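S.K.: fold the following.
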Amino acid sequence: MGTCCSISRSPHHDHHHHSQEGDAEWHNYNEKDQLAMADDQYIKNGDGARVRFHGSSRFISMYTQQGRKGVNQDSMTVWENFNGEKDSFYCGVFDGHGPSGHEVSRMVRDNLPTKLSSLVKKTSTNYKSDRFFSNWENNFINSFEDMDEELGVESSLNAYSSGCTAVNVVKQGDNLIISNLGDSRAVLCTRDGNNHLSPVQLTTDLKPDIPEEVERIKSRKGRVFPMEEEPEVFRIWMPEEDCPGLAMTRAFGDFCLKDYGLIPTPQVTYRKITSNDEFVVLATDGVWDVLTNSEVVKIVASSRKRSLAARLLVDQATRAWRYRYPSSKVDDIAVVCMFFKERPIVHERSDNGSELNKNFAEVGPRHGRKKLKSDDGLDTVVNCEVSRTENRGLTRRRQPQQSHR
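M.R.: Purely as a prediction, here's the structure:
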């Protein structure tokens, strides 16, 4: 499975940054680092869209890093000139979990944008249309649900006790459409009334501590409760088995829970980009577990080179992991930064006049250290030994497509 794309320029289109944890600061990155993220690292599809799995461009910075838990289960993609339209971008970040989470994550990365694009071509997504947002919402929902069904019938993929999140953003001119499934997050940087950089969280972390989500799970016989060793993390469990302990309420795959309230339906929202808005950051929970929205915005804004903004954020998140969770394995991390303006951001300065994020001291110490009883204390899934029942979770089939509004 994969996108219908042909190779353009870069022969390394299937390469990913599975690098080990790094401590490099932005001022240590040399010309070789910058060339590794050159503007020609993309593949081109039939609509003229430029598809990236890593690298950077004039408005994009993206970087992923393998943690200490095994294969990198995070993936990401950016489609520039999405659907062949200039000034149109599709950005997606995907966080896999479970034994085959990396395979689920990459299959979604490679196929979801194509499904969305196909639906967009059949509907009016002109921003002047009265149904602009409702059409986009329906297209996102239908493409996500179709993607989930495809995962369910893909015999080469174990999506029964494995799955992935997805946070997507489509920029069409000054219009931003956001869709979210799971606990990855999108945060926008804007300027407040005093011209200071301020974060705006565009998505809700869809976890089992949201009353409406919990109600749905319980109404379908799923169970929601935390483990004794981490009472602050609520998880979803099957009715009769203490598995899988999934720490989110919506996801691709995880068919062992699809009969018990887990759904592949994303939350879709809209924002009109204004002159005060600077950029948007999409990242997996490896960032948000250790850095606040404000810290993320400041770190990205402090990067002297846009092309290195995502890598700088990954490096700072890695350091924060080591400080906050010294006994836990660092998580995989994937970051996509999309900038809205041609001109660079004017760097803010901290109270003592030093530039933000010269070193980790301005970020890490604000968090208290947290000791975990095991290295798995932050895992999305805690028990993947699920007794598979034939067709469980795979019998759900949508009725003929209807409007979701």
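
S.K.: and the strands in the stretch 1-150 of the chain, which stretches?
M.R.: 5-9, 41-45, 50-52, 55-56, 60-65, 74-80, 88-97 (DSSP state E, counting those that start in this stretch).

S.K.: could you tell me the least trusted of the ones you listed?
M.R.: Among those, strand 5-9 has the lowest mean pLDDT, at a mean of 32.

S.K.: got any ranges where the stretch 251-400 of the chain has weak pLDDT?
M.R.: Scanning the stretch 251-400 of the chain for pLDDT under 70 picks out 346-379, 381-400.

S.K.: report the buried residues of the helix or strand containing Ile299.
M.R.: Using DSSP states H and E, Ile299 maps to helix 293-302. Judged by neighbour count (16 or more other C-beta atoms under 10 Å), helix 293-302 contains these buried residues: 293, 295-302. Yep, even glycine has a C-beta here, placed from its N, CA and C like the rest.

S.K.: now stretch 88-104
M.R.: Of all the residues in stretch 88-104, those buried under the rule 16+ other C-beta under 10 Å are 88-98, 100-104.

S.K.: quick one: which of these is nearest to Asp285?
M.R.: Asp95 (6.4 Å; C-beta to C-beta).

S.K.: list the contacts for that closest one?
M.R.: 73-74, 101, 105, 164-165, 182-184, 284-286, 332, 334, 380 (C-beta atoms under 8 Å, 6 or more residues apart in numbering).

S.K.: identify the residue nearest the geometric centre of this structure.
M.R.: Val93 (3.2 Å; C-alpha atoms, centre = their mean).

S.K.: who does that residue form a beta bridge with?
M.R.: Note on Val93: beta-bridge partners by DSSP bridges are Met76, Val167.

S.K.: hmm, it is touching Ala166, no?
M.R.: Yes: when contacts are counted by C-beta atoms under 8 Å, Val93 is listed as touching Ala166 (7.5 Å).

S.K.: find residues that contact each of the two.
M.R.: Between them, Val93 and Ala166 share the contacting residues Ser184, judged by C-beta under 8 Å, 6+ apart.

S.K.: now the residue nearest to the centre of the chain: how far from Phe132?
M.R.: Counting by C-beta to C-beta, to the nearest Å, the gap from Val93 to Phe132 is 24 Å.

S.K.: now the first helix or strand past the helix holding Ile299 going along the chain: buried residues?
M.R.: With elements assigned by DSSP H and E, the helix or strand that comes after helix 293-302 is helix 309-324. Neighbour counts using 16+ other C-beta under 10 Å place 309-321, 323-324 of helix 309-324 among the buried residues.

S.K.: the helix holding Ile299 packs against which elements?
M.R.: Applying 3 or more C-beta pairs under 8 Å, 6 or more residues apart in numbering; DSSP states H and E, we find helix 293-302 packed against strand 185-191, strand 197-201, strand 277-283, helix 309-324.

S.K.: could you give the mean pLDDT of the first one?
M.R.: For strand 185-191, the mean pLDDT works out to 97.

S.K.: any figure for the gap between Val214 and Leu206?
M.R.: 11 Å.

S.K.: the more surrounded of these two?
M.R.: Taking other C-beta atoms under 10 Å, Val214 and Leu206 do not tie; Leu206 has more neighbours (22 against 18).

S.K.: is it fair to say that one lies in a strand?
M.R.: No: under the criterion used here (DSSP: H, G, I helix; E, B strand; the rest coil), Leu206 is coil, not part of a strand.

S.K.: got a list of what it touches?
M.R.: Per C-beta under 8 Å, 6+ apart, neighbours of Leu206: 180-183, 213, 248-250, 267.

S.K.: let's have those residues in JSON lines, adding secondary structure.
M.R.: Shown next, in JSON lines, are the contacts of Leu206 (three-state DSSP):
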{"residue": "Asn180", "secondary structure": "strand"}
{"residue": "Leu181", "secondary structure": "strand"}
{"residue": "Gly182", "secondary structure": "coil"}
{"residue": "Asp183", "secondary structure": "coil"}
{"residue": "Glu213", "secondary structure": "helix"}
{"residue": "Met248", "secondary structure": "coil"}
{"residue": "Thr249", "secondary structure": "coil"}
{"residue": "Arg250", "secondary structure": "strand"}
{"residue": "Gln267", "secondary structure": "strand"}
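
S.K.: pull out the buried members of those residues.
M.R.: Applying 16+ other C-beta under 10 Å to the contacts of Leu206 flags 180-183, 213, 248-250 as buried.

S.K.: of all the residues you listed, which comes closest to Asn194?
M.R.: Distances from Asn194 to the buried ones among the contacts of Leu206, taken by C-beta to C-beta, are shortest for Asn180, at 29.5 Å.

S.K.: once you drop chain neighbours, what's closest to the closest one?
M.R.: Using C-beta to C-beta, 6 or more residues apart in numbering and skipping the chain neighbours, the partner closest in space to Asn180 is Thr203 (3.9 Å).
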